[in-house]
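Enquirer: When you get a sec, could you give me coordinates for this:
(2 chains)
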Amino acid sequence: MSRFEIGRIRPIRPICILFLFVGSAAAQDARAIVEEAQKRATSESQRYEGTLRVIDAKNKITEKRWQFDRLGSHGASKSVLKFTAPAEVKGVALLVVNHPDRSSDQWMWTPAIARERRIAMQDRAGRFFGTDFSFEDLEERDTRQFDFRLLAEENLDGAACWKIESRPRQGKISQYTHSYLWIRKENYVVAQIEHYKKTQLVRRARYLDVKNVRGIWTPHTIEMHDLQRNSRTVLKIEQLQYNVPMNESDFTFQAIRREF
Amino acid sequence: MPFLFALLFLAQDYSHRGFVETRTALYPQAASNDASHAVGEALLRHESFYQPFEGVEVAGAVDVRMDTHHQTERQWRIDWRDRTLQRPALSLRRFSGQIHRGPLTIEAGKQFVRWGRTDVVNPTDRFAPRDFMTVVDSEFLGIAAMRATYERGANTLDVVWSPWFTPSRIPLPNQRWIVTPPDAPVLPVERSVPRGSQAGVRWSHAGFVEFAAAYYSGFDHLPSFGVDASSAAIRQFYPRTHMAGGDVALPAKWFTVKAEAGYFSFPDDRIDEYVLYVVQLERQSGEWFFIGGYGGEIVTRRSGQSTNFNPERGKTRTVLARAGYTIDVNRSVALEAAVRQNLDGAWIRGEYSQAIGQHWRWTAGLSLIRGEPSDFLGQYRRNSHASIAVRYSF
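Expert: A predicted model of the protein is given here:
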């Protein structure tokens, strides 16, 4: 079988780094907590419109908008992210094909040059189109690619949370050596993730404004802070829908070239 | 019935984008056939996309141009074939309809077809004529074509048929990007654009290693020149050609290695036959991106009976590099260079670009060209220039 199977989705139990949306259970084991969190966040598909405000170290603000479509759940999913504003990046699209056992494949389509370009593994640490998300942050990961350890129980913004350490297993290529996840006990929604390179905290993602959409507790604001650049990107999620009918053919090279 | 139309209208979807750009190029040196030092251009481009039904998309784009240097025609007619010597003032840049159903996509009309994987030089990119009016700053032209793409899993098959030929637009003879020896006799140029169709097929695979094989049969979109003794004129023609080639991208630990090669054969034995190839390394790290490579050529049949205008061959036996740095969310700098291995020619361009607000961007550039008169790049040594462009995107 080919390493790359763009046309197939396999059912697995994944972890979504960026959009981890969750629910309840009494498990105290770190892996069980994370898997329960994902189980509660699982949907067949997802669509939303996102507004990004990038606030750099000098407080200059830039705004971008994208539309996000995902088919499949977490580590076996495919997603297309298409910029709708500002005008000069309108039509730029990113196709992400996630895999349960390895990092995703990513291709970016740029209308101005009418070509797609693969985002190589070693380039995934780069910022995604001037935002504070790296290409790697847009991947969805399978829990089996990580080891978890329950570190503590802490309050974060007044909510009781589990603090869990996540480390990529051997052979997993990631820019981060480890991450800390705070998962709310109340609804199993991720409250915060801190990403480290060795001992240095490089990025902090906060998941705010949690609302229940079709039974899935979902953060509607994600704030990514790049601590090395002291720059922040605030992603506001609007018009969120789950289990929207979508086709496999909307997640191909041909699809990202299309305007609709 | 009105109710049905209302429903249809609700199902419709429309999107558009575009920009207005003014660009000024300043040349400190006069050329032998062009004493002007400044060229101004203005371009309005508008692209529209319309989806009347699910699975059907119509795309259209128009360019409206004007300039100070008569590179653009001074007549207002809608041009859609892009065959004129000058740029049309009003051009239908793209107009195509697309149907997609499952893994199959069919697009018909004027469109852009890009093949190949490398940057700077693309030997297999045969359906992509360009506007080379300013040789070191070219732009792609659309072609009339029927294109069927079948994408299944990691494999994509692309079949293209173009009913008529679109040549690349070359510099105007009385302007600085055509360099003629000072003592050369002035002969009339007889240009013949061939009739006939072109076809090509490309199969690509997107696994851990990406690769593709391509075949093209048609005309060379870059012209060749020969002297017609009977009429004492220079004959500009576009020879029939066949190209077989391929490309590959291999992710390595530190760089992505990309390579592309094409073998060009010509039934007309007045034309050289050759292999063009490019090998490049590519890396993005933090705010930097870097592409470095080498473009080469192997001539398999040297005829010596004609000459040609071929920037692709002109950039072979050349070290190519491109680097960029994103300063912040609004500002970036880029550097691009091509240096011949024998150092007979070099072209270096630096660019600074800054966005202002959501719509405006200005870009300042400096192109430095040096070399020997006999070298493809070196012949333009009096065309070093500074440029500034201001763009409003909508």
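
Enquirer: for chain A, what spans make up the helices?
Expert: Applying DSSP state H to chain A gives helices spanning A:30-41, A:253-257.

Enquirer: Please list the outside residues in contact with the shortest one.
Expert: Which is helix A:253-257. Residues from elsewhere that reach helix A:253-257 (CB atoms under 8 Å, 6 or more residues apart in numbering or on different chains): A:80, A:82, A:93-95, A:107, A:109, A:114, A:116, A:249, B:100, B:105, B:149, B:151, B:156, B:206. To be clear about C-beta, it is placed using only N, CA and C from the backbone, and glycine gets the same treatment.

Enquirer: Just list whatever residues bridge to B:Phe289.
Expert: Here B:Phe289 sits in beta bridges with B:Gln284, B:Gly324, as judged by DSSP bridges.

Enquirer: Quick check: pLDDT value at it.
Expert: You'll see B:Phe289 listed with a pLDDT of 91.

Enquirer: same deal with B:Gln12?
Expert: Note on B:Gln12: pLDDT of 58.

Enquirer: mind giving me a markdown table with the helices of chain A and columns for mean neighbour count and mean pLDDT?
Expert: Shown next, in a markdown table, are the helices of chain A (neighbours: other CB atoms under 10 Å in any protein chain shown; pLDDT from 0 to 100):
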| stretch | mean neighbour count | mean pLDDT |
| --- | --- | --- |
| helix A:30-41 | 21 | 93 |
| helix A:253-257 | 20 | 93 |
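
Enquirer: Among these, which comes closest to B:Asn342?
Expert: Nearest of the helices of chain A to B:Asn342, taken as CB to CB: helix A:253-257 at 39.9 Å.

Enquirer: count of neighbours near the closest residue in space to B:Pro163 that isn't next to it in sequence?
Expert: Leaving aside its sequence neighbours, B:Pro163 sits nearest to B:Ser197 (CB to CB, 6 or more residues apart in numbering or on different chains; 5.1 Å). B:Ser197 has 15 neighbours, counted by other CB atoms under 10 Å in any protein chain shown.

Enquirer: So what does B:Ser197 have for phi and psi?
Expert: phi -100, psi 170 (degrees, to the nearest 10).

Enquirer: how deep is the residue in the stretch 151-300 of chain B that chain A sits nearest to tucked in, by neighbour count?
Expert: The stretch 151-300 of chain B approaches chain A most closely through B:Gln284 (3.9 Å), counting by CB to the nearest CB. Counted with other CB under 10 Å, residues neighbouring B:Gln284 total 20.

Enquirer: That one contacts A:Gly126, correct?
Expert: Yes - with contact defined as CB atoms under 8 Å, B:Gln284 and A:Gly126 form a contacting pair (4.7 Å).

Enquirer: Please point out which parts of the strand ranked longest in chain A sit buried.
Expert: The longest strand of chain A (DSSP state E) is strand A:200-213. Of the residues in strand A:200-213, those with enough neighbours to count as buried (16 or more other CB atoms under 10 Å in any protein chain shown) are A:Val202, A:Arg203, A:Arg204, A:Ala205, A:Arg206, A:Tyr207, A:Val210, A:Val213.

Enquirer: got a list of what the fifth one touches?
Expert: Yep, that's A:Arg206 we're talking about. A:Arg206 sits in contact with A:Ala191, A:Gln192, A:Ile222, A:Glu223, A:His225, where contact means CB under 8 Å, 6+ apart.

Enquirer: Skip the chain neighbours and tell me the closest residue to the first one.
Expert: Setting aside the residues directly before and after it, A:Ala191 is nearest to A:Trp182 in space (CB to CB, 6+ apart), at 4.4 Å.

Enquirer: and if you look at the third one?
Expert: In space, not counting the residues next to it along the chain, A:Ile222 is nearest to A:Leu235; the distance is 4.5 Å by CB to CB, 6+ apart.

Enquirer: which stretches of chain A have low pLDDT?
Expert: A:1-28, A:170-172 (pLDDT under 70).

Enquirer: What residues sit buried inside stretch B:338-354?
Expert: Residues of stretch B:338-354 classed as buried by neighbour count (16+ other CB under 10 Å): B:Ala338, B:Val339, B:Arg340, B:Asp344, B:Gly345, B:Ala346, B:Trp347, B:Ile348, B:Arg349, B:Glu351, B:Ser353.

Enquirer: residues near the nearest residue to A:Asn187 once chain neighbours are set aside, how many?
Expert: Spatial nearest neighbour of A:Asn187, chain neighbours left out: A:Trp217 (4.5 Å); criterion: CB to CB, 6+ apart. By other CB under 10 Å, 20 other residues sit near A:Trp217.

Enquirer: do A:Pro168 as well
Expert: So A:Pro168, with other CB under 10 Å, has 18 neighbours.

Enquirer: For the nearest residue to it once chain neighbours are set aside, give its distance to chain B.
Expert: Using CB to CB, 6+ apart and skipping the chain neighbours, the partner closest in space to A:Pro168 is A:Ser174 (4.7 Å). As judged by CB to the nearest CB, to the nearest Å, A:Ser174 and chain B stand 15 Å apart.

Enquirer: residues in contact with B:Val193?
Expert: Residues counted as contacts of B:Val193 (CB under 8 Å, 6+ apart) are B:Arg83, B:Phe165, B:Pro167, B:Tyr238.
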